[in-house]
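Asker: what shape does this take:
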Amino acid sequence: MRRFPVAVTIPVTAAKIASGEIKTVLDAIAPTGAQFVEFRIDYDADPQSLDLDELIYESTQAGFETILTCRMKAEGGQYQPASDDEHSAILDRMISAKPEYIDVELATTPAILQDIAGICAELDVAIILSQHDWEGTPALGDVEAYAGSTIKVVEDLEVLDKDRIVVKNVFTANQISDNLFPLAFTAQLGREDYKTISFCMGVDGQLSRVLSVIPRECQGCTSEMTYAYCDEPTAPGQIEVGTMTSLLSQFLD
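Answerer: Numbering: from 1, shown residues only. Predicted coordinates:
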C-alpha cells in the first residue's frame, strides 16, 4: 500500500484503551495509507497512568509509526504538570515506551530537554521540538530572521543531535497568503540540514497542511509530515484523514 506522510492525531484516554476503541480507530484509518499516528495522551486526566506499551503495540501491529505527545496547555493542549519533576517523569515514560517519535515543546525547561536527549539517543527515539502560534503568522519578509532565531534556540541546547530532531513550527493563518510563511520557513531550515514540520492552522491554513509535504525542487523544502484526524480534530483546520490522503494521492502517487 502507498504510504503518505500523514500523522493521524488520536486523543487517548484510559477508557478508550480499556474499551478497545483505540484499536477500532487504528483499524479504521489503516486503509487510508497514513504513515503515522500521534497519540495525544494529554487528553487523559492522568496520563502518567496510561498503558503506553499497549498503545505502541497496537500501533505497530496496525503498521504505523508512532508519535507520543503530551501537549502542554500553553501550547494548546490539556496537560499542566505540577512541577518540572512531574513533567520529566511523563516524558521519561513516553520515551521508555519506544515510539518512533516523542513531541516535546521547544519551550520546555532546557535542563529537561538535555536530560531526555540522552535517553532518546540510547533508545533510538527521535524528538519533535514543537512551537505553536495560536494567534497568527509572521510576515513573509521576516522568515529569514525567524528561522535564524529558531535555529539558535535549538543549537543552544547543544546536546541535541541534528539528525535525531525534527523542528516543528505551526502558525495560525488569518488570510490565505499566510500559507507562504511555513513553506518558506521549511526551505530556510532545510538549507541548514534541519528536518522540519511547518504549516498553518485554521481554515485559511488548510492549503499549507497539504502543500507542506509535497516535494519541491529545493533540497530539504518538504515537511516530514502533516497532520489529520479520524473522529475528532485536535486543532483548527485539521483535515479528515481520508480527504487528506486522497488529496495527496493526486500529487504523490
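Asker: would you mark the buried spots in the lowest-mean-pLDDT helix or strand in the chain?
Answerer: The helix or strand of the chain with the poorest confidence is helix 110-123; it has a mean of 90 (mean pLDDT, DSSP states H and E). Neighbour counts using 16 or more other Cβ atoms under 10 Å place 112-113, 115-117, 120 of helix 110-123 among the buried residues. Glycine gets a C-beta too; all of them are placed from N, C-alpha and C.
Asker: same question for stretch 9-16.
Answerer: Residues 9-13, 16 are the ones in stretch 9-16 that count as buried (16+ other Cβ under 10 Å).
Asker: which residues touch that stretch?
Answerer: Defining contact as Cβ atoms under 8 Å, 6 or more residues apart in numbering, one finds that stretch 9-16 is touched by 21-22, 25-26, 37-41, 43-46, 49-51, 55, 227-230, 232-235, 238.
Asker: partner strands of the one helix or strand residue 196 maps to, with direction?
Answerer: Here residue 196, judged by DSSP states H and E, is contained in strand 195-201. Counting by DSSP bridges, the strands paired with strand 195-201 are strand 165-172 (parallel).
Asker: next, the angle helix 110-123 makes with the partner strand.
Answerer: Between strand 165-172 and helix 110-123, the angle comes out at 130 degrees (axes from the mean of the first three to the mean of the last three Cα atoms, to 10 degrees).
Asker: just give me how far strand 165-172 sits from the chain centre.
Answerer: Using Cα atoms, centre = their mean, to the nearest Å, the mean C-alpha position of strand 165-172 is found 8 Å from that of the whole chain.
Asker: stretch 235-253 now?
Answerer: 16 Å.
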